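In: after the sequence you'll find the predicted model.
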Amino acid sequence: MLICDAHADTLFRMAYAPGQACDLSLERLERGGVSLQVLALFVGLDPAPGAVKALYSKMLDARDALVAGGWRQATEPGEAREGEARFMLSVEGCEFLGSRLEAVRELRDQGVRMAALTWNHENRLGTPATVNETEGLKPFGFEAVREMQRLAIAVDVSHLNAAGFYDVLRLDSAPPLASHSCCRAMCDHPRNLTDRQLKDLFRAGGYIGINFYPRFLAPEGAPCGVGTVVEHIDRCHQLGGAGMVGFGSDFDGISLKPEGLDSPEDFPRLLEGLREMGYGEADVRNIAGLSFLDYFGRVKASA
């Protein structure tokens with residue numbers, strides 16, 4: 001079975017805290033059956049241009065270290081193969097672009113296939129949900145999104161506010177994805193998507209990877225485990241998301257984890273939780289990874 005995970009912050013952890021133990025390792029991915037792991041180039045911590053450039057360079061060095069250690073980079077999602085663990089690059093926070101449209105091509109040339117427009121800082125593209133919900137994409141944001149869509153880079157709306165989300169959705173091109181988000185109706189956090197947003201995302205042919213961070217999964221103090229993640233996936237199915245939902249763990253980027261989901265080794269527990277919920281094998285295979293690959297087929301067809 002192909003398992004795809006749409007978001008992890010391993011490169012940032014390696015660059016920002018060298019020597020610190022990571023949730024991800026090649027062995028853990030292989031034991032968990034992960035075929036395609038998306039690794040984010042996260043540059044949002046300090047938006048100053050010099051700091052962004054330095055951190056981005058360090059994360060590319062971390063990428064090279066993984067490759068030297070036996071990891072294999074996929075430049076197309078379709079390169080995923082059952083029984084082989086590969087990684088693909090994304091960007092979290094587009095501060096790297098500055099105001100240079102040509103930098104989008106630079107990302108594509110480096111193998112980046114997904115780009116989250118913001119993290120938690122307002123930038124030249126748009127405004128995150130943690131700042132406000134009303135200010136849409138900025139002029140450069142519209143230009144950058146169109147260029148991403150032209151180059152078949154998936155536009156990631158995780159962290160983006162509601163106004164920006166709908167600006168992206170209204171562009172007549174490839175549908176966006178939310179690589180690591182959850183359902184706001186089940187946990188009222190500004191990082192999560194409302195039922196209306198989810199329905200509109202699915203109508204457009206988009207995708208969501210459910211985040212494993214307990215603070216996005218359940219109200220503070222409530223139990224949170226494998227079943228909680230399954231419930232968010234199930235709600236997405238109820239809202240029309242069959243074939244458009246999967247995993248966006250946020251491993252190496254979260255300080256808390258659901259009980260029973262400590263690392264990629266635990267993905268089989270999540271698949272079993274789906275079966276216990278009543279999902280058949282076709283749906284389990286879609287949620288595990290095929291839906292993610294299908295989504296990129298739609299992105300490529302729209303490019």
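Out: Right, received. Where do you want to start?
In: from what I see, E143 and L101 are in contact.
Out: Yes: using CB atoms under 8 Å, E143 is in contact with L101, at 5.7 Å. C-beta coordinates here come from the backbone N, C-alpha and C atoms, glycine included.
In: show residues contacting stretch 190-209.
Out: 5-7, 129-130, 133, 158-159, 162, 165-166, 169, 175-186, 211, 216, 236, 239-241, 244-249, 291-292, 295, 298 (CB atoms under 8 Å, 6 or more residues apart in numbering).
In: mind doing that once more with 7 Å?
Out: Stretch 190-209 is contacted from outside by 6-7, 129-130, 159, 162, 165, 169, 175-185, 216, 236, 239-241, 244-248, 291-292, 295, 298, using CB atoms under 7 Å, 6 or more residues apart in numbering.
In: filter these down to just the ones in strands.
Out: Among the contacts of stretch 190-209, DSSP state E puts 177-181, 245-247 in strands.
In: quote the end-to-end distance of stretch 186-194.
Out: Using CA to CA, to the nearest Å, the end-to-end distance of stretch 186-194 comes to 9 Å.
In: quick one, strands of the stretch 51-200 of the chain?
Out: 72-73, 86-92, 112-116, 154-156, 177-181 (DSSP state E, counting those that start in this stretch).
In: and the ones you listed, which is most packed in?
Out: strand 177-181 (a mean of 30; mean count of other CB atoms under 10 Å).
In: what packs against that one?
Out: With contacts taken as 3 or more CB pairs under 7 Å, 6 or more residues apart in numbering; DSSP states H and E, strand 177-181 sits against strand 154-156, strand 207-210.
In: what do you get if the cut-off is 10 Å, keeping everything else the same?
Out: strand 34-42, strand 86-92, strand 112-116, strand 154-156, helix 195-203, strand 207-210, strand 245-247, helix 291-302 (3 or more CB pairs under 10 Å, 6 or more residues apart in numbering; DSSP states H and E).
In: who are the contact partners of R86?
Out: By CB atoms under 10 Å, 6 or more residues apart in numbering, the contact set of R86 is 4, 29, 34-37, 71-75, 77, 79-80.
In: so which of these comes closest to L107?
Out: T75 (12.0 Å; CB to CB).
In: any idea how many residues pack against the closest one?
Out: Other residues near T75 number 15, with proximity taken as other CB atoms under 10 Å.
In: which non-adjacent residue is nearest it?
Out: The shortest distance from T75 to any non-neighbouring residue, by CB to CB, 6 or more residues apart in numbering, is to G111 (4.6 Å).
In: how close does the one you found get to L60?
Out: 10 Å (CB to CB, to the nearest Å).
In: again, but for A178
Out: Counting by CB to CB, the separation of A178 from L60 is 25 Å.
In: okay if I get the ones in strands among the contacts of stretch 190-209 as a markdown table plus pLDDT?
Out: Formatted as a markdown table, these follow (pLDDT from 0 to 100):
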| residue | pLDDT |
| --- | --- |
| L177 | 98 |
| A178 | 98 |
| S179 | 98 |
| H180 | 98 |
| S181 | 98 |
| V245 | 98 |
| G246 | 98 |
| F247 | 98 |
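In: export those as JSON lines, with columns for distance to E281.
Out: Shown next, in JSON lines, are those (distance: CB to CB, whole Å):
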{"residue": "L177", "distance to E281": "24"}
{"residue": "A178", "distance to E281": "26"}
{"residue": "S179", "distance to E281": "25"}
{"residue": "H180", "distance to E281": "25"}
{"residue": "S181", "distance to E281": "26"}
{"residue": "V245", "distance to E281": "16"}
{"residue": "G246", "distance to E281": "15"}
{"residue": "F247", "distance to E281": "17"}
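In: pull out the buried positions in the helix or strand encompassing R269.
Out: Following DSSP states H and E, one finds R269 within helix 267-277. By neighbour count with 16 or more other CB atoms under 10 Å, helix 267-277 contains the buried residues 267, 269-271, 273-274.
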